[in-house]
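> Okay, predicted coordinates and the sequence, questions at the end:
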Amino acid sequence: MNPAMSNTRIEILMAVHQPGLGFLEKQVQSIRDQSLSNWRLLIMLDGEHPELMDVIHRWISEDDRIRCEILPGHSGCCRTFEAGLLRLKGNDSLVALADQDDVWEPKKLEVLANAIRREPEAMMVFCDSSIIDANDREVSHSLFKTEHRVPEFSLVSLWARNSISGHAQLFRSKLLDICTPFPEGLCASGLNHDHWLAMSAAHAGKIRFVDQALVRHRLHDSNHIGPRISPQHSRPNGGLSAWQHHNRRLRFALESRHRFLHSLPGFGHPPLSLPRLLACALLASLRRNLPAAGVFLRASLARPAHPAMAQGRSIP
């Protein structure tokens, strides 16, 4: 390990809501087993979870690097992460997000911390993940390959599709000065917390990919967020009307996202017209990001949303 990394504390943020206790215990233990030990874990409970308190109190008594806060009511995943990130704001540190039911490989923090340390211009680094099921069996050795993600992380590409999962991210805490508090209408625009962090990092600096599976990402029936756009969406599924319906939904999703970003200082784009969609498709193609190019091209084939429909679901 790079000795200098022992001086860089890593703040780990985990949002927890109705977890499987066995999954949660495995995740926390995998964090405690990290080869890099200079970390602190903040567990943000989204609502009251009385059944967890004995276990959490035990973790805190055993390890003073672990702390916990409870948010009243049910804020949702996006806002729970936001609340935690606001508490980490102002720290001169690195920040990692953790899902409540994954398992980290022992050198995850060490590898990512060394990667971002080697690149002063990198605002964020992230890794690949293997996929496991509820019984810890490996389903895939690479989430990146399974979802056909492309290692090209421009703002245009991330606008079309997020390829940077939150559980794999490590970023500089100064990113929080740019992207928190979250803008009003973030979730309604189709941008989750990790998508917003990735777009903000692309806007503010560089993003680097570490081609190692350093997380065992668990997929099961209770996952809050599932796979994004996959290759089968680019083929007709269930007939022509289903394909056209998907195009209209995709067009509307991009328009909603565009209106949201256009309202933010520094994130504005030219109007999301047919020429703009085609230009984005061409740009993504030139960058060899065919999945993103396909998103923009398919959206350009859709009929625009009805004005009344768009007005009723516009972003504040």
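Received it, and whenever you're ready, just let me know what you need.

> from memory residue 292 sits against residue 153, does it?
No - counting by CB atoms under 8 Å, residue 292 sits too far from residue 153 to count as a contact (10.4 Å). Heads up, the C-betas are built off the backbone N, CA and C, glycines and all.

> Looking at those two, which one has more neighbours?
Shown here are residue 292 and residue 153; by other CB atoms under 10 Å, residue 292 has more neighbours (26 against 21).

> quick one: that one is in a helix?
Yes - read with DSSP: H, G, I helix; E, B strand; the rest coil, residue 292 is one of the residues of a helix.

> so how far is residue 41 from it?
34 Å (CB to CB, to the nearest Å).

> Please enumerate the helices of the protein.
21-32, 50-62, 77-88, 108-118, 143-146, 155-160, 176-179, 193-204, 240-262, 274-286, 290-300, 307-312 (DSSP state H).

> Export those as CSV, with columns for distance to residue 215 and mean pLDDT.
Output for the helices of the chain, formatted as CSV (distance: least, CB to CB, whole Å; pLDDT from 0 to 100):
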stretch, distance to residue 215, mean pLDDT
helix 21-32, 9, 97
helix 50-62, 20, 93
helix 77-88, 17, 95
helix 108-118, 6, 97
helix 143-146, 8, 91
helix 155-160, 20, 86
helix 176-179, 22, 94
helix 193-204, 13, 94
helix 240-262, 26, 78
helix 274-286, 27, 88
helix 290-300, 22, 87
helix 307-312, 38, 35
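
> can you list those in a markdown table and add distance to residue 167?
Output for the helices of the chain, formatted as a markdown table (distance: least, CB to CB, whole Å):
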| stretch | distance to residue 167 |
| --- | --- |
| helix 21-32 | 10 |
| helix 50-62 | 19 |
| helix 77-88 | 11 |
| helix 108-118 | 10 |
| helix 143-146 | 10 |
| helix 155-160 | 17 |
| helix 176-179 | 18 |
| helix 193-204 | 8 |
| helix 240-262 | 22 |
| helix 274-286 | 25 |
| helix 290-300 | 20 |
| helix 307-312 | 34 |
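
> nearest to residue 137, of those helices?
helix 21-32 (13.8 Å; CB to CB).

> For that closest one, name the packing helices and strands.
Using 3 or more CB pairs under 8 Å, 6 or more residues apart in numbering; DSSP states H and E as the contact criterion, the elements in contact with helix 21-32 are strand 10-16, strand 39-46, helix 50-62, strand 103-104.

> Would you mind telling me which of those is nearest residue 120?
Using CB to CB, the nearest of the helices and strands packed on helix 21-32 to residue 120 is strand 10-16, at 17.4 Å.

> what pairs with the closest one, and is each one parallel or antiparallel?
Partners of strand 10-16 in the sheet, by DSSP bridges, are strand 39-46 (parallel), strand 94-98 (parallel).

> among those strands, which is the most enclosed?
strand 94-98 (a mean of 24; mean count of other CB atoms under 10 Å).

> about what we covered before: mind putting the helices and strands packed on helix 21-32 into a markdown table with distance to residue 296?
Shown next, in a markdown table, are the helices and strands packed on helix 21-32 (distance: least, CB to CB, whole Å):
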| stretch | distance to residue 296 |
| --- | --- |
| strand 10-16 | 31 |
| strand 39-46 | 35 |
| helix 50-62 | 43 |
| strand 103-104 | 35 |
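
> Same question for stretch 31-38: list its buried residues.
By neighbour count on 16 or more other CB atoms under 10 Å, the buried set for stretch 31-38 is 31-32, 34, 36, 38.

> Can you give me the neighbour number for residue 290?
16.

> Touching, it and residue 150? I think so.
Yes - counting by CB under 8 Å, residue 290 does reach residue 150; the two are 7.2 Å apart.

> Using PDB, list the CA coordinates for stretch 112-129.
These are the backbone C-alpha positions of stretch 112-129, laid out as PDB (Å, rounded to 0.1, in the frame of the first residue of the first chain):
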ATOM      1  CA  LEU A 112      -9.400   3.200  -5.400                       C
ATOM      2  CA  ALA A 113      -7.600   5.600  -3.000                       C
ATOM      3  CA  ASN A 114      -4.300   4.900  -4.700                       C
ATOM      4  CA  ALA A 115      -5.900   5.400  -8.100                       C
ATOM      5  CA  ILE A 116      -7.300   8.800  -7.300                       C
ATOM      6  CA  ARG A 117      -4.100   9.800  -5.500                       C
ATOM      7  CA  ARG A 118      -2.100   9.100  -8.700                       C
ATOM      8  CA  GLU A 119      -4.400  11.400 -10.800                       C
ATOM      9  CA  PRO A 120      -4.600  14.900  -9.200                       C
ATOM     10  CA  GLU A 121      -7.100  16.000 -11.900                       C
ATOM     11  CA  ALA A 122      -9.500  13.100 -11.200                       C
ATOM     12  CA  MET A 123     -12.600  14.200  -9.300                       C
ATOM     13  CA  MET A 124     -13.900  10.600  -9.100                       C
ATOM     14  CA  VAL A 125     -12.700   7.100  -9.600                       C
ATOM     15  CA  PHE A 126     -14.800   3.900  -9.700                       C
ATOM     16  CA  CYS A 127     -14.400   0.200 -10.100                       C
ATOM     17  CA  ASP A 128     -16.200  -2.700 -11.700                       C
ATOM     18  CA  SER A 129     -18.300  -5.100  -9.700                       C
END
